[in-house]
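Structure, please.
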Amino acid sequence: MAKRSKRQLGFATQCVRAGDPVDDQWGSVAPPIYQTSTFASADTRAQWEIIEGKRPGHCYTRYSNPTTRGLEVKVAALEGGEDAVAFASGMAAVSACVLACVKAGDHVVVQRDVYGGTFEVFHRLLPRFGVKVATVNATDLAQVRAAARRGTKLLYVETPANPLLSVVDLAGVAAIGRKVGATTMCDSTFATPANCRPLEFGIDVVLHSATKYLGGHADVMAGVAVATTAFCDRLEDMLRILGGVLDPFAAWLVTRGIKSLGPRVAVHNANAMACAEFLAGHSRVRAVHYPGLPSHPQHELAKRQMRGFGGVLSFEVDGTARATSAVVDRLRMFRVAPSLGAVESLALQPAATTHSKLSPRERKAVGIRDSLVRLACGIESAEDLVDDLRQALGGRRRR
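Here you go, the predicted model:
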């Protein structure tokens, strides 16, 4: 009998196969959906042992569910992590992960240009509970090093960051975290495990808004965190307390979306590069933010750290906020909507949407101008997306 190869399965194969149970009863190719809130046990002792983790099984979907567990195993495999925990949204994952690390009196360091909801967790919520928050430009490791101190509990970064696409040196952040004894956490939603796997650079916890690329079809809300088994055990306790549990059908939708993640992300990457290169040469564009462009300040780092540059870019219109809105409103292929990572292309003005809860002063501090436009490139033909940008910037009205 031929020996089975020990070669690790390829990324696309893991997207399709990892975590999917074998249906011994009916042979279903698609994973079954266990759409139930509760599970019966053989007897009281069996139920207690399941709850205590002394035997395999499920008791109550707020604790665990086979469909959700399959998703967790799949994402952990894609990130190269020991385990994963799924949540009802990306922000549920962020909140639970942060709260699992800190208590009153603790000190944390957070990147300044993070997603608006994450910004609120660190700057609105944590200070109310006595957590001290230091904000840094995480692309400058000297600032991270200066802010982190012995006893700092958490270093939180996002790369590429929303919406200016800054790229953080993950190995550098991880080294600082180890030196001061802090947990390092990275929101890798924009990159996806197809483009970057932060655990490989020493990061402790990887976060995803699975609403975006992992789901991929704008039809589900979900979040996932990948870490060691020990940290995931802490997260599961936090999840049971806070209750931000992912519905089994939503877990099934994300699992289905991940099966095509590899080829989808390849098209997202190519489309974003085509749009970025077009915009970089347009007279009405003041600046383009995309790590795939040589003009990007962290381009060389992105080339070392990423296998692709992602499907999101942003650019600044050479004009007022009103003129910028007019450009967005003339778009036809890019639908005006929040979110990203779906097969459809979307556009928005961050100052009026994702970062509207920030004050003008806070937006200015993180570099978000009223003239900024964020594009989330879908998987349409690149030529059609570029033509749409050309007509919108050219001033012709939407048909």
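
State the three-state secondary structure for residue 186.
Secondary structure state of residue 186, per DSSP: H, G, I helix; E, B strand; the rest coil, is strand.

before we move on, what about residue 164?
Residue 164 ends up coil, using three-state DSSP.

what bridges to the closest residue to it other than its chain neighbours?
Nearest in space to residue 164, with sequence neighbours left out and distances taken as C-beta to C-beta, 6 or more residues apart in numbering, is residue 289 at 5.0 Å. Where C-beta positions appear, they are placed from N, C-alpha and C, glycine not excepted. For residue 289, the beta-bridge partners under DSSP bridges are residue 314.

Please apply the same query to residue 111.
residue 136.

Touching, it and residue 160? I think so.
No - here residue 111 does not reach residue 160: they are 11.3 Å apart, not a contact under C-beta atoms under 8 Å.

coming back round to it: identify the residues contacting the residue nearest to residue 164.
With contacts defined as C-beta atoms under 8 Å, 6 or more residues apart in numbering, residue 289 is in contact with 163, 164, 165, 166, 296, 313, 314, 315.

How many neighbouring residues does the nearest residue to residue 222 once chain neighbours are set aside have?
Counting by C-beta to C-beta, 6+ apart, residue 222 lies nearest to residue 210, which is 3.8 Å off, once chain neighbours are set aside. By other C-beta atoms under 10 Å, the residues close to residue 210 number 31.

What separation do you get for residue 210 and residue 272?
Look at residue 210 and residue 272: by C-beta to C-beta, to the nearest Å, they are 20 Å apart.

Can you tell me what sits against the least confident helix or strand in the chain by mean pLDDT?
Comparing helices and strands within the chain by mean pLDDT, DSSP states H and E singles out helix 360-365 as the least confident, with a mean of 78. For helix 360-365, contacts defined as C-beta under 8 Å, 6+ apart pick out 112, 119, 351, 355, 369.

Closest one of those residues to residue 147?
Among these, residue 112 lies closest to residue 147 (C-beta to C-beta), at 10.7 Å.

Which pLDDT value goes with the closest one?
If you check residue 112, the pLDDT there is 92.

again, but for residue 264
Confidence for residue 264, expressed as pLDDT, is 98.

How many residues are close by it?
One way to gauge burial is a neighbour count; for residue 264, by other C-beta under 10 Å, it gives 24.

what sits against it?
With contacts taken as C-beta under 8 Å, 6+ apart, residue 264 has the following neighbours: 213, 216, 343, 379.

Does the second one touch residue 339 like I think?
What that stands for is residue 216. No - between residue 216 and residue 339 no contact is recorded; they are 11.4 Å apart, counting by C-beta under 8 Å.

I am assuming the residue nearest to residue 222 contacts residue 226, so please confirm or correct that.
No - the pair residue 210 / residue 226 is not scored as a contact, 11.2 Å apart, by C-beta under 8 Å.

what residues do the two have in common as contacts?
By the contact definition C-beta under 8 Å, 6+ apart, residue 210 and residue 226 are jointly contacted by residue 75.

surely residue 342 meets residue 218?
Yes - A contact is recorded between residue 342 and residue 218 when judged using C-beta under 8 Å, the distance being 3.8 Å.

Looking at the two, which one has more neighbours?
With other C-beta under 10 Å as the criterion, residue 342 and residue 218 differ in neighbour count, and residue 342 comes out ahead with 24 against 18.

And residue 216 and residue 339? Which one has more around it.
More crowded of residue 216 and residue 339, by other C-beta under 10 Å: residue 216, with 27 against 16.

ok, and the closest non-adjacent residue to that one?
Distance criterion C-beta to C-beta, 6+ apart; nearest residue to residue 216, sequence neighbours excluded, is residue 257 at 3.9 Å.

how does the protein divide up, domain by domain?
The chain resolves into domains spanning 60-258, 261-394 when parsed by automatic domain parsing.

Can you flag the weakest of the ones you listed by average pLDDT?
Lowest mean pLDDT within the domains of the chain: domain 261-394, a mean of 93.

Tell me the span between the first and last residue of that one.
Between the opening and closing residues of domain 261-394 there is a gap of 34 Å (C-alpha to C-alpha, to the nearest Å).

Next: stretch 337-345.
For stretch 337-345, the first-to-last residue distance is 9 Å (C-alpha to C-alpha).

How far does it sit from its chain's centre?
Mean-position distance between stretch 337-345 and its chain equals 13 Å (C-alpha atoms, centre = their mean, to the nearest Å).

Likewise for stretch 187-204?
On the basis of C-alpha atoms, centre = their mean, stretch 187-204 sits 9 Å off its chain's mean C-alpha point.

For it, list every residue counted as buried.
Taking 16 or more other C-beta atoms under 10 Å as the basis for neighbour counts, the residues of stretch 187-204 that come out buried are 187-199, 201, 203-204.

Then stretch 375-387?
Applying a neighbour-count criterion of 16+ other C-beta under 10 Å, one finds 375, 376, 377, 378, 379, 380, 382, 385, 386 buried in stretch 375-387.

Looks to me like residue 133 is in a strand.
Yes - according to three-state DSSP, residue 133 belongs to a strand.

Thanks again, I'm all set now.
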